[in-house]
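Undergrad: just to be clear, the model below is a prediction. Sequence and coordinates:
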Amino acid sequence: LAATGLATAATLSRRPPVTGAELRSAVPLPPAFEVPLPLPPVLKPVAPGRYEITQRVAEVEILPGIRTPLWTYGGTFPGPTIESRRGRPVTVTHRNELPVPTVVHLHGGRTPADSDGYPTDLVLPRDWADHHPMPDPRAVRTRLTRDYTFPLDQRPALLWYHDHRMDFTAPATWRGLAGLHIVRDDAEEALGLPSGARELPLMIADRAFAADGTLDYPSVDATLRDRPGVRESFLGGVLGDVVLVNGAPWPVHEVDAARYRLRILNASNARHYELEALTDAGRRLPLVQIGADQGLLAAPVTHAALPLGPAERYDVVVDFAGVPVGSRVRLVNRLGSGRTAEVMAFVVARGARDGSRVPAVLSTDLPSWDSPARVREFSFRAGQVNGGHGWLVDGLPFDPARTDVTVPLGDVEVWRLVADVHHPVHLHLAGFRVLSRGGRPPLPHDAGLKDTISLRPGEAAEIITRFDGHRGRYLFHCHNAEHEDMGMMANLEVV
Ligand code: C2O
Ligand code: CU
């Protein structure tokens with residue numbers, strides 16, 4: 001393997017991120033590594049390139065023997081996975097049978113603005129009386145259904161779709177509105193990477209459960225968040241004490257003694273992870289990163305541990321050959337404590353032949369931009385909103401009626417992003433490359449094309465991108481979902 005960088009544990013931050021207090025579940029929690037890892041169902045098209053998803057309340061058994069009502073895409077959590085081919089457009093009709101308005105965003109998609117899920121472009125439920133008029137002259141409201149069209153003219157990658165309603169993204173995704181969307185192409189499939197049953201999507205998300213089995217959350221009502229005490233419980237973001245993978249608590253999965261491709265997404269609202277794969281004998285298996293948020297790297301990068309901020313994705317190959325049959329490999333979280341230090345386990349069930357490979361060259365189409373037309377700087381800091389604490393971009397809370405940045409279509413720009421505490425900053429429309437962190441070269445896990453960068457406390461990072469593909473109104477924001485709902489989002493107009 002071409003290890004272009006070996007991140008040792010020492011190069012990674014040992015300090016846990018500044019985040020909110022962890023909610024404590026009030027129901028008995030199952031032992032780790034007993035619930036089998038579920039794989040989200042793959043959605044069948046109703047016609048070529050056409051899908052339908054009904055958003056509805058469903059009772060789902062997340063913890064054994066306990067029914068949890070969720071807001072779902074199609075009745076499951078995670079929602080159904082959409083499998084697409086590069087350059088083949090897909091239209092998804094979302095039908096809203098939930099009690100609240102919703103917005104669907106395809107995270108990482110290069111999507112025309114009218115299908116990008118702008119936070120005030122609502123799909124209203126039946127009989128919704130709109131008590132929340134918003135100062136947004138351009139808002140689009142549809143009743144019951146809306147078609148979202150995705151050209152998918154982009155590199156193959158693990159994308160995900162989730163709710164993006166203004167002020168309510170955090171409670172809506174917490175309650176279950178998240179699913180995967182995988183884009184593939186022939187070139188990637190010709191590489192010989194592990195595939196079929198040896199390719200596993202892993203959506204990691206923490207949650208907490210109230211005594212009645214419902215998901216615990218401080219408040220789903222934005223107005224209540226301003227009450228003394230409630231806002232404080234939101235401030236760092238909401239953390240749960242249960243780690244779910246594909247909607248199951250600390251699951252276990254039987255594997256062959258062979259290479260597996262793990263397509264990892266951190267779909268948590270606010271929790272950061274630092275993943276390590278440990279054998280029962282205490283040996284650390286290398287995490288061979290082959291891809292980032294926006295698809296394959298140029299060459300594999302081998303990590304001892306991999307930090308994962310909210311909304312980040314890593315495409316990783318782990319080789320279970322050489323692990324004794326019958327023993328376990330645990331995926332652990334070095335930033336967790338107690339039960340949140342465990343994520344899931346693999347049981348090596350049998351020896352097996354392995355025809356897969358990890359080529360030294362994975363892709364040759366990564367953009368490398370230079371000569372930026374301009375350099376901009378944005379700060380991501382706490383501040384005052386309506387007399388309480390909030391989160392701001394350049395000193396301002398999100399306002400759909402204000403354009404914060406105007407970029408001519410096709411321009412290359414360098415953005416310098418400055419953070420006070422941990423902020424995973426996400427840019428819609430445009431994948432970017434990390435140029436520097438804290439005035440130093442990027443870290444090994446910054447390789448490739450990203451759409452979310454996890455800024456560390458006090459850190460400034462520079463990213464470079466080209467704004468092309470579509471004109472219109474897009475967003476950039478912190479993907480700590482509570483920070484986002486508390487104002488840390490801004491408008492980007494591509495003209
Ligand atoms: Cu994953 Cu603007 O969102
Ligand atoms: Cu943030």
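TA: Right, received. Where do you want to start? Ligands and ions are numbered 1, 2, ... in the order given.
Undergrad: near the residue in the stretch 51-200 of the chain that ligand 1 sits nearest to, how many other residues are there?
TA: Residue nearest to ligand 1 within the stretch 51-200 of the chain (C-beta to the nearest ligand atom): His107, separated by 3.4 Å. Where you see a C-beta, it was placed from the backbone N, CA and C, and this is true even at glycine. Using other C-beta atoms under 10 Å, His107 has 24 other residues around it.
Undergrad: what's the closest non-adjacent residue to it?
TA: Distances taken as C-beta to C-beta, 6 or more residues apart in numbering place Trp160 nearest to His107, at 5.0 Å, with adjacent residues excluded.
Undergrad: residues in contact with that neighbour?
TA: 106-108, 178-181, 203, 265, 267, 311, 313 (C-beta atoms under 8 Å, 6 or more residues apart in numbering).
Undergrad: on that earlier part again, is it true that the residue of the stretch 51-200 of the chain closest to ligand 1 touches His162?
TA: Yes: counting by C-beta atoms under 8 Å, His107 touches His162, with 6.3 Å between them.
Undergrad: can you tell me the SS state at the residue nearest to His107?
TA: Going by DSSP: H, G, I helix; E, B strand; the rest coil, the secondary structure assigned to Trp160 is strand.
Undergrad: same deal with Thr340?
TA: helix.
Undergrad: just the pLDDT for it.
TA: Per-residue pLDDT puts Thr340 at 97.
Undergrad: for it, give its distance to ligand 2.
TA: Thr340 sits 20 Å away from ligand 2, going by C-beta to the ion, to the nearest Å.
Undergrad: may I have the beta-bridge partners of the residue lying closest to that residue once chain neighbours are set aside?
TA: Nearest in space to Thr340, with sequence neighbours left out and distances taken as C-beta to C-beta, 6+ apart, is Val243 at 5.8 Å. Taking DSSP bridges as the rule, Val243 bridges to Asp206.
Undergrad: so who does Val494 touch?
TA: Taking C-beta under 8 Å, 6+ apart, one finds 407-409, 429, 467, 470-472, 474 in contact with Val494.
Undergrad: tell me the contacts of the residue nearest to Ala157 when sequence neighbours are not counted?
TA: Distances taken as C-beta to C-beta, 6+ apart put Gly295 closest to Ala157, at 4.0 Å, once the chain neighbours are dropped. If you count contacts by C-beta under 8 Å, 6+ apart, Gly295 has them with 154-157, 188, 315, 363, 448-449.
Undergrad: could you check how far Gly295 is from Phe476?
TA: 20 Å (C-beta to C-beta, to the nearest Å).
Undergrad: got it, and Val425?
TA: The value you get for Val425 to Phe476, if C-beta to C-beta is used, is 7 Å.
Undergrad: more neighbours: the two, which one.
TA: Val425 (27 against 24).
Undergrad: what does the helix or strand hosting Val434 contact?
TA: Here Val434, judged by DSSP states H and E, is contained in strand 433-437. Residues outside strand 433-437 that contact it (C-beta under 8 Å, 6+ apart): 366-369, 414, 442-443, 446, 448-450, 453, 456, 459-465.
Undergrad: do that again at 10 Å, thanks
TA: Contact partners of strand 433-437, identified using C-beta atoms under 10 Å, 6 or more residues apart in numbering, comprise 292, 294, 366-369, 372, 414-417, 441-443, 445-450, 453-456, 459-465.
Undergrad: go back to the residues you listed and keep what's next to ligand 1.
TA: Restricting these to those within reach of ligand 1 (C-beta under 6 Å from any ligand atom) leaves nothing.
Undergrad: taking those residues one by one, which sit in strands?
TA: Residues from those lying in strands, with DSSP state E as the criterion: 292, 414-417, 453-455, 460-465.
Undergrad: for the residues you listed, give me a markdown table that also has pLDDT and neighbour count.
TA: Listed next are these as a markdown table, based on pLDDT from 0 to 100; neighbours: other C-beta atoms under 10 Å:
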| residue | pLDDT | neighbour count |
| --- | --- | --- |
| Ala292 | 98 | 27 |
| Val414 | 98 | 19 |
| Trp415 | 98 | 22 |
| Arg416 | 98 | 15 |
| Leu417 | 98 | 22 |
| Ile453 | 98 | 27 |
| Ser454 | 97 | 29 |
| Leu455 | 97 | 22 |
| Ala460 | 97 | 15 |
| Ala461 | 98 | 24 |
| Glu462 | 98 | 20 |
| Ile463 | 98 | 23 |
| Ile464 | 98 | 19 |
| Thr465 | 98 | 23 |
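Undergrad: so which of those comes closest to ligand 2?
TA: When those are compared for distance to ligand 2 (C-beta to the ion), Leu455 wins out at 8.3 Å.
Undergrad: secondary structure, neighbour count and distance to Asn386 added to the contacts of Gly295, as JSON lines?
TA: Below are the contacts of Gly295 laid out as JSON lines (DSSP: H, G, I helix; E, B strand; the rest coil; neighbours: other C-beta atoms under 10 Å; distance: C-beta to C-beta, whole Å):
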{"residue": "Gln154", "secondary structure": "coil", "neighbour count": "21", "distance to Asn386": "38"}
{"residue": "Arg155", "secondary structure": "coil", "neighbour count": "22", "distance to Asn386": "41"}
{"residue": "Pro156", "secondary structure": "coil", "neighbour count": "23", "distance to Asn386": "43"}
{"residue": "Ala157", "secondary structure": "strand", "neighbour count": "27", "distance to Asn386": "38"}
{"residue": "Glu188", "secondary structure": "helix", "neighbour count": "21", "distance to Asn386": "47"}
{"residue": "Asp315", "secondary structure": "strand", "neighbour count": "25", "distance to Asn386": "41"}
{"residue": "Ser363", "secondary structure": "coil", "neighbour count": "20", "distance to Asn386": "47"}
{"residue": "Gly448", "secondary structure": "coil", "neighbour count": "27", "distance to Asn386": "39"}
{"residue": "Leu449", "secondary structure": "coil", "neighbour count": "26", "distance to Asn386": "37"}
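Undergrad: what two of these have the greatest distance between them?
TA: Gln154 and Asp315 (15.0 Å; C-beta to C-beta).
Undergrad: skipping adjacent residues, who's closest to Asp238 in space?
TA: One thing to correct before we go on: residue 238 is Val, not Asp. Asn269 (5.2 Å).
Undergrad: quick check: that neighbour is in a strand.
TA: No: counting by three-state DSSP, Asn269 is located in no strand; its state is coil.
Undergrad: so how far is Arg374 from it?
TA: 33 Å.
Undergrad: looking at the two, which one has more neighbours?
TA: Set Asn269 next to Arg374 and count neighbours by other C-beta under 10 Å: Asn269 wins out with 29 against 11.
Undergrad: okay, now Arg24: neighbour count?
TA: 10.
Undergrad: now do the SS call for the most centrally placed residue in the chain.
TA: What sits nearest the mean C-alpha location of the chain, by C-alpha atoms, centre = their mean, is Ala311, with 2.3 Å. Classification of Ala311 using three-state DSSP returns coil.
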